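Trainee: okay, sequence plus prediction incoming.
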Amino acid sequence: MWFIQPKQDYVAQMPWKHADEPALMAWQIRARNYYVLAANLLLLVMTAISMAAGLWFAFGWGIESILGRVLAGGGVFLFGVLITMSMTHQTAIIVYRLTDKRIEVFSWKPQIDSVKPVMTWTAIGSGVVVLFLVFIDPAFLIAAIGPVGIGIAAALMGTSKNYRSMVRDDQHYEIDWKNAEEIAVWRERAVIGLRFTYHNEDGFSYQAYKTLYCHKKEIDKRIEFFREKLPNTPYRECKLDVDSDGAFAVD
């Protein structure tokens, strides 16, 4: 499943644009690089809805056998929760390479690489089981809703390269870290924010942070590095309102 992934050294695999510049440090991390509270609340709501739908299918369709009720209700519940988690609990793999001039970043969401094949084989396997049970008792036919639903969801997932790139949210960008106007740290999520001022074409300007997600055991090491290299840059610790493109400080 998408949350079970083999460990790989992505730092060595990335097509770094500035590989000729010696790396001062590099690291990779899997993180939920968005506002997680809203996602967690949505999962709770959808879990309750999926449970209600599962109970309705189990007891509202005249299924008399216990096994049939478990298959129908459990299949609907599991389908709803898995689909919801694929939206609310996506993680991004983020790879950083810091040189004396810039921080180069690659990031993507790997879920699409494994969700579709897992859903396809789950639909096939559970469909075979349901078909076998239908021969025993035709009442089990209602349980086919689970496999059919999973199969339809898998089929609706596109296969084109552009679609996969969009769903994976592939990103590659650079951070001019030496020109950071402020260093902000949110220790709760082990995030370092480097603030910059951005100017739009219409003359409007705003300030935002480029985020560096760190392993909690290494965040003090990262903070020490930036504070040592940028001694005149203001530093503070605060909550950051994060999203996939950056962050804003919450005072």
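Mentor: Cool, got the structure.
Trainee: every contact and neighbour count from this point should use C-alpha atoms.
Mentor: Fine.
Trainee: how about stretch 15-23: buried residues?
Mentor: For stretch 15-23, the neighbour count (16 or more other Cα atoms under 10 Å) marks Trp16 as buried.
Trainee: tell me how many other residues crowd Phe204.
Mentor: 8 (other Cα atoms under 10 Å).
Trainee: with Leu71 instead?
Mentor: Around Leu71 there are 22 residues (other Cα under 10 Å).
Trainee: what does Phe226 give?
Mentor: 18.
Trainee: distance check, it against Gly193.
Mentor: Phe226 sits 11 Å away from Gly193, taking Cα to Cα, to the nearest Å as the criterion.
Trainee: how about low-confidence regions in the stretch 51-200 of the chain?
Mentor: 61-63, 86, 111-169 (pLDDT under 70).
Trainee: go with 90
Mentor: 51-92, 108-171, 198-200 (pLDDT under 90).
Trainee: do a quick rundown of the helices in the stretch 1-150 of the chain.
Mentor: Counting by DSSP state H, counting those that start in this stretch, the stretch 1-150 of the chain has helices at residues 10-13, 36-59, 66-88, 111-136, 145-156.
Trainee: show me where the stretch 151-251 of the chain has its strands.
Mentor: 171-175, 182-186, 191-199, 205-213, 235-237, 239-243, 246-250 (DSSP state E, counting those that start in this stretch).
Trainee: could these be laid out in JSON lines, adding distance to Arg32?
Mentor: Formatted as JSON lines, the strands of the stretch 151-251 of the chain follow (distance: least, Cα to Cα, whole Å):
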{"stretch": "strand 171-175", "distance to Arg32": "15"}
{"stretch": "strand 182-186", "distance to Arg32": "14"}
{"stretch": "strand 191-199", "distance to Arg32": "11"}
{"stretch": "strand 205-213", "distance to Arg32": "9"}
{"stretch": "strand 235-237", "distance to Arg32": "20"}
{"stretch": "strand 239-243", "distance to Arg32": "9"}
{"stretch": "strand 246-250", "distance to Arg32": "13"}
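Trainee: redo those as JSON lines? Include mean neighbour count and distance to Leu55.
Mentor: Putting the strands of the stretch 151-251 of the chain into JSON lines (neighbours: other Cα atoms under 10 Å; distance: least, Cα to Cα, whole Å) gives the following:
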{"stretch": "strand 171-175", "mean neighbour count": "14", "distance to Leu55": "42"}
{"stretch": "strand 182-186", "mean neighbour count": "20", "distance to Leu55": "42"}
{"stretch": "strand 191-199", "mean neighbour count": "19", "distance to Leu55": "41"}
{"stretch": "strand 205-213", "mean neighbour count": "18", "distance to Leu55": "41"}
{"stretch": "strand 235-237", "mean neighbour count": "14", "distance to Leu55": "47"}
{"stretch": "strand 239-243", "mean neighbour count": "18", "distance to Leu55": "36"}
{"stretch": "strand 246-250", "mean neighbour count": "17", "distance to Leu55": "41"}
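Trainee: quick one: which of these is nearest Ala39?
Mentor: strand 239-243 (12.1 Å; Cα to Cα).
Trainee: tilt between that closest one and strand 191-199?
Mentor: Relative orientation of strand 239-243 versus strand 191-199 (axes from the mean of the first three to the mean of the last three Cα atoms, to 10 degrees): 70 degrees.
Trainee: how about residues contacting strand 239-243?
Mentor: Asn33, Tyr34, Tyr35, Val185, Trp186, Gly193, Thr211, Ala247, Phe248, Ala249, Val250, Asp251 (Cα atoms under 8 Å, 6 or more residues apart in numbering).
Trainee: distance of the fifth one from Trp16?
Mentor: Yep, that's Trp186 we're talking about. Trp186 is 28 Å from Trp16, by Cα to Cα.
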